[in-house]
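In: Any chance you could fold what I've pasted below:
(2 chains)
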Protein chains: 2
Amino acid sequence: MPKLWDETIDAHRRAVQDTVLETTVALVTEHGLASVTMSQIAKEAGIGRATLYKYFPDVQSILMAWHERHVAAHLGQLAQARDRAREPSAQLEAILRGYARITYKRPQDGEIAAFVHQGQQVVQAQQQLRDLVRDAIADAAAQGAVRGDVSPGELADYCLHALSAAGRLSSEQAVHRLVDVTLSGLQPSR
Amino acid sequence: MPKLWDETIDAHRRAVQDTVLETTVALVTEHGLASVTMSQIAKEAGIGRATLYKYFPDVQSILMAWHERHVAAHLGQLAQARDRAREPSAQLEAILRGYARITYKRPQDGEIAAFVHQGQQVVQAQQQLRDLVRDAIADAAAQGAVRGDVSPGELADYCLHALSAAGRLSSEQAVHRLVDVTLSGLQPSR
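Out: I've put the predicted structure just below:
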């Protein structure tokens, strides 16, 4: 098959998956995980039940795929924010502000959050996020913009835990202040 | 009844409760929450089943009482650590070092932790802890030892989230470094 045709099929598959993911999240949010069936999802997504089963074995796996896509998108956003800045200290700040904003906007409660956060892929995503932050800290520390008396890995854990406070804040301004305070903790000792 | 007799009864009740709490935690840790019965607990604690039911209606309520006592003891420890220091900045540091140490030593996983942390009393204990830290921050800020551009409440949330990283650290030294970094974030802007 010519390459163009492959791409058309890929795009089609991707569009079907997108529809299935969004439909499932909407249904589970409205009716609860226990009462949503594969038949309902197929009907709402406008595809056949057999087609749906070609993509996903069950409702749980659809939620996991939806979450995986979200997490990958967030990590991509953070890497992009980093790449738009030039200096290591600005790159680090861009990552931390981006992460705090994502944490601020992310639903903390609810059945879907509880379900997807128990998966092994969350552990992997956390590890990727930690690596991203740790490497940015190491680069900034090499330039003397971040304290050198604590390892980049420990500082990354400090940052990610401190910024998780953003999940309970009530304004974007408060999120900015939290990032400012967290960044102060990274400064070289006076 | 004379007061002394009341005190003797109180001390006896307290001793029985202590035994029941510790016995239950040991049994649940060994056999799992689902398979421990009130009869087993009574037998292991060396008291009658009827007596046990005078104190607690079920295994869950025993675990909750055990946790409540632990949390109260921790809050008491932190208040004592604060009161041993004189200057507001030293009091704040004593509270934060104490909290980080408790978090470091506390079992993070396991069935008992998961069970007791879903209770409403945990929310109240978190609130008391937050108040303790917030008040210490406000006192230190009034003396210029802590930044004044962010409210004590927001700074308290920052501290408690940052220090929760202690739960995954592997040495006391790392815990000290985490507290140092967190305290740096509280310093007045240069």
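In: Can you check the pLDDT for residue A:49?
Out: Here, the pLDDT recorded for residue A:49 equals 94.
In: ok, so what distance separates it from residue A:55?
Out: Residue A:49 sits 11 Å away from residue A:55, going by CB to CB, to the nearest Å. Placement of C-beta: from N, CA and C, glycine included.
In: list residues touching both of these two?
Out: Residues touching both residue A:49 and residue A:55 by CB atoms under 8 Å, 6 or more residues apart in numbering or on different chains: none at all.
In: so residue A:110 touches residue A:32, yeah?
Out: No - taking contacts as CB atoms under 8 Å, residue A:110 lies outside contact range of residue A:32: 10.3 Å.
In: what residues does whichever strand or helix holds residue A:178 touch?
Out: Using DSSP states H and E, residue A:178 falls within helix A:172-186. With CB under 8 Å, 6+ apart as the test, helix A:172-186 has contacts from A:92-93, A:96-97, A:100-101, A:104, A:137, A:140, A:146-147, A:155, A:158-159, A:162-163, A:165-166, A:169, B:147, B:149-150, B:154-155, B:157-158, B:162, B:181-187, B:189.
In: at 7 Å instead, please
Out: A:93, A:96-97, A:100-101, A:104, A:146-147, A:155, A:158-159, A:162-163, A:165-166, A:169, B:150, B:154-155, B:158, B:181-182, B:184-185, B:187 (CB atoms under 7 Å, 6 or more residues apart in numbering or on different chains).
In: Domains in chain A, by residue range?
Out: A:1-57, A:59-190 (automatic domain parsing).
In: is it possible to export the ones you listed to CSV including mean neighbour count?
Out: Putting the domains of chain A into CSV (neighbours: other CB atoms under 10 Å in any protein chain shown) gives the following:
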stretch, mean neighbour count
domain A:1-57, 14
domain A:59-190, 17
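In: Just the endpoints, please. Distance across stretch A:50-63?
Out: Chord length of stretch A:50-63, first to last residue, is 19 Å (CA to CA, to the nearest Å).
In: And for stretch A:52-66?
Out: Length of stretch A:52-66, first residue to last, CA to CA: 15 Å.
In: same deal with stretch A:98-114?
Out: Using CA to CA, the two ends of stretch A:98-114 sit 23 Å apart.
In: cool, and stretch A:51-64?
Out: Stretch A:51-64 end-to-end distance (CA to CA) = 19 Å.
In: one step back: of all the domains of chain A, which one comes closest to residue B:114?
Out: Closest of the domains of chain A to residue B:114 is domain A:59-190, at 11.4 Å (criterion: CB to CB).
In: helix/strand/coil for the residue lying closest to residue A:65 once chain neighbours are set aside?
Out: Among residues not flanking residue A:65 along the chain, residue A:21 sits closest, at 6.2 Å (CB to CB, 6 or more residues apart in numbering or on different chains). When classified by DSSP: H, G, I helix; E, B strand; the rest coil, residue A:21 comes out as helix.
In: can you give me the helices in chain A?
Out: Taking DSSP state H as the criterion, chain A carries its helices at A:3-31, A:38-45, A:49-55, A:59-84, A:88-105, A:111-116, A:120-142, A:152-163, A:172-186.
In: Mind telling me which of those the model trusts least?
Out: Among these, helix A:111-116 scores lowest, at a mean of 80.
In: Can you name every helix or strand that that one contacts?
Out: helix A:3-31, helix A:59-84 (3 or more CB pairs under 7 Å, 6 or more residues apart in numbering or on different chains; DSSP states H and E).
In: How about the residues of chain A by chain B?
Out: A:150, A:154-155, A:157-158, A:161-162, A:164-165, A:168, A:174, A:177-178, A:181-182, A:184-185, A:187 (CB under 7 Å from any CB of the partner chain).
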